[in-house]
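S.K.: here is my input; please provide its structure:
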Amino acid sequence: MQTCRRELLDRTLIWNQRHLHHALREFEDFYDFHRPHQGIANARPLRPLPMPMPMPMPIGDPEQITHLDIRRRQRLGGILHEYRHAT
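M.R.: Now for the predicted structure:
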């Protein structure tokens, strides 16, 4: 509950009950399915634990970093952001 308040409600001007329900549904979907969690292997609450994988080699060449194709999706007017590799 504190996370919802700190990350959503403290940053949003809620107009009415319909707007509040919409914002809470969006935040719940983001929190449960997209946001990484710092608990067990960054697992999301409603997903199975990821299979243990070997640690990838860090990217040391700045040229490789500039060619990463990452897409950002804004939710709730830019309050929440989802990131994913472009396919």
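
S.K.: show me where pLDDT drops low in this protein?
M.R.: Scanning the chain for pLDDT under 70 picks out the ranges 35-56, 87.

S.K.: what helix or strand does residue 28 sit in?
M.R.: helix 17-33 (DSSP states H and E).

S.K.: so what's residue 81 closest to, chain neighbours aside?
M.R.: residue 72 (5.5 Å; C-beta to C-beta, 6 or more residues apart in numbering). From N, CA and C alone the C-beta is placed, and that goes for glycine too.

S.K.: ok, that neighbour - contacts?
M.R.: 81-83 (C-beta atoms under 8 Å, 6 or more residues apart in numbering).

S.K.: dig out what residue 71 forms beta bridges with.
M.R.: Assessed by DSSP bridges, residue 71 has beta-bridge partners residue 84.

S.K.: buried set for the helix holding residue 28?
M.R.: 23, 26-27, 30-31 (16 or more other C-beta atoms under 10 Å).

S.K.: got JSON lines for the residues you listed, with distance to residue 62 too?
M.R.: Formatted as JSON lines, these follow (distance: C-beta to C-beta, whole Å):
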{"residue": "23", "distance to residue 62": "39"}
{"residue": "26", "distance to residue 62": "36"}
{"residue": "27", "distance to residue 62": "35"}
{"residue": "30", "distance to residue 62": "31"}
{"residue": "31", "distance to residue 62": "33"}
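
S.K.: which stretches of this protein form strands?
M.R.: Taking DSSP state E as the criterion, the chain contains strands spanning 70-75, 80-85.

S.K.: and those, which is most packed in?
M.R.: The highest mean neighbour count among the strands of the chain, using mean count of other C-beta atoms under 10 Å, belongs to strand 80-85: a mean of 12.

S.K.: against residue 57, how distant is the residue nearest to residue 81?
M.R.: 25 Å (C-beta to C-beta, to the nearest Å).
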